[in-house]
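Visitor: I need the structure of the sequence given here:
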Amino acid sequence: MAPGLSWQPQLDAGDKSNEVMGLDLNLPGMQIYDPFNYPIERNEPILDETRNHKRLKLEYTMDESIGSNTNYSCSTGNSLTSLPRLQFRDHIWAYMQRYLATEAMEEEVVAMLGCDDENEIKEEDQGGQGMKLVQQLIACAEAVACRDKIHASALLSELRANALVFGTSFQRVASCFVQGLADRLSLVQPLGAVGVVAPVAKARSTATLEKDEALSLVYELCPQIQFGHFVANESILKAFEGESFVHVVDLGMTLGLPRGHQWRNLMQSLVHRAGQPPKRLRITGVGTCPERLQTIGDDLQHYAKSLKLNFEFSVVESNLENLKPEDFNTSSDEALVVNSILQLHCVVKESRGALNSVLQKLHKLCPKLLILVEQDSSHNGPFFLGRFMEALHYYSAIFDSLDTMLPKYDTRRAKIEQFYFAEEIKNIVSSEGPGRIERHERVDQWRRRMSRAGFQPVPIKILMQAKQWLGKAKVCEGYTIVEDKGCLVLGWKSKPIIAASCWK
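Guide: So this is what the prediction gives:
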């Protein structure tokens, strides 16, 4: 970025005159907030690069009024979307800062390496295309929120041409959001009708071979699930110290991963712990597919036999909302631990009752420890546009990490993106009501929910071990682990991705 280029974002909420620059996308009856056209200080030089030379020219910005109405809304008779502009400005500003910071860093690298003008222009073109894609996505989301099918359909056509499945990391994540917007638009009722979405979107369908393969690839190549397993097992080992009879209740049975990776590692650690191994290890798998869980249990039974570990396995066929404390057949002489890896967010609903009921039932089991691992992002807000912006920021970080880890045309990366993360994105964007199960929340919100259910926090004190684990894991540089009020958070370049916490 050339010296003298001065950005003036005018973040003071009291200054309304130069708050934002308007972007006219001809959306009927609404105003569009452009996240990238921020006013520039007058009389400052702006860098204009061409193929043969670089020259500085002075451009003067002009104040553009976007009207006296400060509401960010759709002006229709039956409008159900009327949100303050300032509610989304922080989301958009944060995303713009991330994008511009990345672009500036790339420009510095190009300059240091002495790349030619042609490469510099190519980088500039990609940056400009990325900004345009962001603007189109936001405009399309607004049109869908306002039930403007004509304009939304036109924007979707443009987005499909620009959001490429094998393009840049942002083009790829944009393609997933385009799929979600298209699905949501197909359920939108016309203007004047009562309600926002017609039939309730279907919940996640039965796992296919492609989804199973994608899940296995995520476990193998990405650190998110392995991080949760590592923190959970270390916490379980500490809770089982000195205990002879130990029992683990696994909600979701480690996401249905074949071979029970998490529990194989735990068995090894229990056998080789200081002193004697436990006299008995029980694992109870909870899920709606008993045949699948039993297959995992049989495999674990054979593995435990090879370790000469006394092992018992049982299945509770139930979803989380219908669980009963008596389903687990616990005994007073055993130490009980509840393990939840990316499961409880599926129970979060518009009302607090469903999740609170599940947590209270788990609390009645009197577990010595409950391990909670969840996505650390706010994808359960009451307003569609807010969820959309938060999800766009969150999954852009994930796709950026995949871009660093795997080559551009690696089919494994395509499977991970299209059959795993794309499914989450589409559920967040397109579904409402019971069909929306990817209701991720930040760790602070989980603290409040757990406390209301009667749980008390147990600080996780293995930060150094977790960092050592991350250093040994086969992942690229850029991942970080930090401690946050007794929780451990895995992030990508300072963006929180997964949070682990313990409760009793």
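
Visitor: would you mark the buried spots in stretch 266-283?
Guide: 266-267, 270, 277-278, 281-283 (16 or more other Cβ atoms under 10 Å). For glycine as for every other residue, the C-beta is placed from the backbone atoms N, C-alpha and C.

Visitor: how distant is that stretch from the center of its chain?
Guide: In terms of Cα atoms, centre = their mean, to the nearest Å, the centre of stretch 266-283 is found 34 Å from the chain centre.

Visitor: thinking again about what came up before, the buried residues of stretch 266-283 in strands, which ones?
Guide: 281-283 (DSSP state E).

Visitor: could you check how far residue 273 is from residue 238?
Guide: As for residue 273, its distance to residue 238 is 10 Å (criterion: Cβ to Cβ, to the nearest Å).

Visitor: now residue 293
Guide: 26 Å.

Visitor: so between those two, which is more surrounded?
Guide: Higher neighbour count among residue 293 and residue 238: residue 293, with 25 against 14, using other Cβ atoms under 10 Å.

Visitor: isn't there a helix covering the more buried one?
Guide: Yes: according to DSSP: H, G, I helix; E, B strand; the rest coil, residue 293 belongs to a helix.

Visitor: what residues are up against it?
Guide: Contact analysis of residue 293 by Cβ atoms under 8 Å, 6 or more residues apart in numbering lists 253, 256, 285, 287, 315.

Visitor: let's see that with 7 Å instead.
Guide: 253, 285, 287, 315 (Cβ atoms under 7 Å, 6 or more residues apart in numbering).

Visitor: for the stretch 1-150 of the chain, which spans come out with low pLDDT?
Guide: Applying pLDDT under 70 to the stretch 1-150 of the chain flags the ranges 1-127.

Visitor: ok so, going back, by pLDDT, give me the weakest of the buried residues of stretch 266-283.
Guide: The member of those with the lowest pLDDT is residue 277, at 92.

Visitor: on the three-state scheme, the nearest residue to residue 480 once chain neighbours are set aside is what?
Guide: Using Cβ to Cβ, 6 or more residues apart in numbering and skipping residues adjacent in sequence, the residue nearest residue 480 is residue 491, 4.8 Å away. Look at residue 491: counting by three-state DSSP, its state is strand.

Visitor: residues near residue 491, how many?
Guide: Every residue meeting other Cβ under 10 Å relative to residue 491 is counted, giving 18.

Visitor: list the beta-bridge partners for it.
Guide: residue 480, residue 496 (DSSP bridges).

Visitor: and it, how far is that from residue 450?
Guide: 21 Å.

Visitor: cool, and residue 236?
Guide: Residue 236 is 18 Å from residue 450, by Cβ to Cβ.

Visitor: who has more neighbours out of those two?
Guide: Each of residue 236 and residue 450 has its neighbours counted (other Cβ under 10 Å); residue 236 has more, 23 against 20.

Visitor: relative to residue 380, how far out is the more buried one?
Guide: 28 Å.

Visitor: again with residue 217
Guide: In terms of Cβ to Cβ, residue 217 sits 27 Å off from residue 380.

Visitor: one more: residue 228?
Guide: 20 Å.

Visitor: neighbour count: those two, which is higher?
Guide: Neighbour totals were compared for residue 228 and residue 380, and residue 228 leads with 26 against 19 (other Cβ under 10 Å).

Visitor: let me know the helix or strand that that one is in.
Guide: helix 223-239 (DSSP states H and E).

Visitor: where does the stretch 251-400 of the chain dip in pLDDT?
Guide: 350-352.

Visitor: now the helices for it?
Guide: 261-271, 290-306, 353-364, 384-405 (DSSP state H, counting those that start in this stretch).

Visitor: pick the most deeply packed of the ones you listed.
Guide: helix 384-405 (a mean of 21; mean count of other Cβ atoms under 10 Å).

Visitor: list the contacts of the next helix or strand after that helix.
Guide: Where DSSP H and E defines the elements, the next helix or strand beyond helix 384-405 is helix 411-416. If you take Cβ under 7 Å, 6+ apart as the criterion, helix 411-416 is touched by 165, 210, 213-214, 217-218, 221, 402, 406.

Visitor: over to stretch 469-479?
Guide: Under Cβ under 7 Å, 6+ apart, the answer for stretch 469-479 is 223, 226, 230, 401, 404-405, 481, 490, 492-493.

Visitor: let me know the closest of these to residue 298.
Guide: residue 226 (23.5 Å; Cβ to Cβ).

Visitor: the closest one: neighbour count?
Guide: 22.

Visitor: then residue 208?
Guide: For residue 208, using other Cβ under 10 Å, the count is 10.

Visitor: how about it: what's its closest non-neighbour residue?
Guide: Nearest one to residue 208, counting by Cβ to Cβ, 6+ apart, is residue 419 at 8.0 Å.

Visitor: how near is the one you found to residue 219?
Guide: Counting by Cβ to Cβ - residue 419 and residue 219 are separated by 13 Å.

Visitor: quick one: end-to-end distance for stretch 163-177.
Guide: 9 Å (Cα to Cα, to the nearest Å).

Visitor: strands of the protein, start to end?
Guide: Taking DSSP E as the criterion, the chain carries its strands at 45-49, 54-58, 71-73, 82-84, 245-251, 280-287, 311-317, 335-341, 369-375, 457-458, 479-484, 487-492, 495-503.

Visitor: out of those, nearest to residue 140?
Guide: Among the strands of the chain, strand 71-73 sits nearest to residue 140 (Cβ to Cβ), with 15.6 Å.

Visitor: list the contacts for residue 489?
Guide: Counted by Cβ under 7 Å, 6+ apart, residue 489 has contacts 376, 443, 482, 496, 499.

Visitor: now with 10 Å, please.
Guide: By Cβ atoms under 10 Å, 6 or more residues apart in numbering, the residues touching residue 489 are 227, 376, 443, 480-483, 496-501.

Visitor: biggest separation within these, which pair?
Guide: Across the contacts of residue 489 (Cβ to Cβ), the longest gap, 17.4 Å, separates 480 and 501.

Visitor: ok, those two, which is more surrounded?
Guide: The neighbour comparison of residue 480 against residue 501 (other Cβ under 10 Å) goes to residue 501, with 26 against 16.

Visitor: that one touches residue 372, doesn't it?
Guide: Yes: between residue 501 and residue 372 there is a contact at 5.0 Å, judged by Cβ atoms under 10 Å.

Visitor: joint contacts of those two?
Guide: 443, 446-447, 450, 455, 487.

Visitor: can I get those in JSON lines including pLDDT and distance to residue 358?
Guide: Formatted as JSON lines, those follow (pLDDT from 0 to 100; distance: Cβ to Cβ, whole Å):
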{"residue": "443", "pLDDT": "96", "distance to residue 358": "18"}
{"residue": "446", "pLDDT": "96", "distance to residue 358": "13"}
{"residue": "447", "pLDDT": "96", "distance to residue 358": "17"}
{"residue": "450", "pLDDT": "97", "distance to residue 358": "11"}
{"residue": "455", "pLDDT": "97", "distance to residue 358": "12"}
{"residue": "487", "pLDDT": "97", "distance to residue 358": "20"}
